Structure formats: structure tokens, C-alpha cells
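> Compute the structure for the input listed below.
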Amino acid sequence: MEGRTVRQSRVTLTQIMGLTDANVLRNVHGGVIMKLCDEAGGTAAMRHARQPVVTVAVDSMGFHSPVHIGNLLTVQAEVTWVGHTSLETRIIVTAENLMTGQVTHTNTAYYVYVALDETGSPTAVPPIICETDEERALFDEAAIRQEQRLSRRRHERPINL
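As a prediction, this is how the structure comes out:
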């Protein structure tokens, strides 16, 4: 299977945040931002895999600053790591005040997806080709996060309802 570059997976989504996106504090609801991150990350993963993908994990979803109603939200995603059937995407979120031009970094998150074949079973994905030192460093860091995720999963106890 031929590999694909990080560059080939990159996606940028932009959306003006409106009143329907607000929480009770009149900032953008975190769930709205998480949904847009999932859409961007999933699109980047599908671009790489050229298969449908499903979300299996969300890592490190920290909110650095609020997003305000009227801001232009930009969500950039790219594949940072690929396993046999899974892919990690890094998602960077910024908010732009359209009146002042001030751009604020609001979030960085890592989402993990699994590629599915036509029967809905996990399927192999192409390897990733890192072209820059930064991409190689992100790949190495992602491999460590993946091992930590797998370790946590091995130690999780199912909840009996």
C-alpha cells in the first residue's frame, strides 16, 4: 500500500459562531467546538485513508480561551500518526475577532479514528510519509500517546450497569 504525506490530509474548516452556538455565558459552547473538531479530524483521516472512519478517542481537549459569538472559528486538522487501522489527527482551533483582526489560539486536540471497510470492519490504512522534522517529531509524540491510550485501555475496568 502506497503511503500518503501529512500534507495530503490537511483540512481547514471555518465558521462564524452565532447565537445558536452559545452557552449560558454567551460564549460558544464547548460541545459545538468539539463537534467541529471531530468533523475536521474525521475529514483529514478520511483523506488519508480514503475509507470511512469512526472516532475512537479524544485526547487532550484543552480550552485555552473562550470563543465569542461573532468570532470566525478556524479548525485545522492533519494526520500525525498512522497504525494498522487507526489514525491520529492533530486539530488546532483559532478564533478571529472580525472587527479587530485579533486571532486567538483556543484549542489543540488529538482525535483518533479507525478506518472501516464496506462491511463496517476495521481495515488497513496507508502508512504516513513525514516530510519535515516537525512532522517526524509529531509522529514520534503521537506514537507515545497511542501507547499510553492502549495502556489505559488495558487497565480500564468495564462498568456493569
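> For beta bridges, what are the partners of residue 87?
residue 82, residue 113 (DSSP bridges).
> Tell me how far it lies from residue 113.
In this view, residue 87 and residue 113 are 5 Å apart by Cβ to Cβ, to the nearest Å. (Each C-beta comes from the backbone N, C-alpha and C, glycine too.)
> Quick check: neighbours shared by these two?
Residues touching both residue 87 and residue 113 (Cβ atoms under 8 Å, 6 or more residues apart in numbering): 45, 49, 53.
> Run through the residues that contact the second one.
Same thing as residue 49. Going by Cβ under 8 Å, 6+ apart, the list of residues near residue 49 reads 87, 113, 115, 125, 126.
> Closest to residue 34 out of those residues?
residue 113 (14.5 Å; Cβ to Cβ).
> isn't that closest one right up against residue 83?
No. Taking contacts as Cβ atoms under 8 Å, residue 113 lies outside contact range of residue 83: 10.6 Å.
> what about those two, which has more around it?
Per other Cβ atoms under 10 Å, whichever of residue 113 and residue 83 has more neighbours is residue 113, with 27 against 17.
> Is residue 125 part of a helix or strand, or is it coil?
Using DSSP: H, G, I helix; E, B strand; the rest coil, the secondary structure recorded for residue 125 is coil.
> mind checking how far it is from residue 150?
Distance of residue 125 to residue 150, given as Cβ to Cβ: 17 Å.
> Starting from residue 95, give me the distance back to residue 86.
30 Å.
> List the buried residues in stretch 124-143.
Judged by neighbour count (16 or more other Cβ atoms under 10 Å), stretch 124-143 contains these buried residues: 125, 126, 128, 130, 135, 138, 139, 142.
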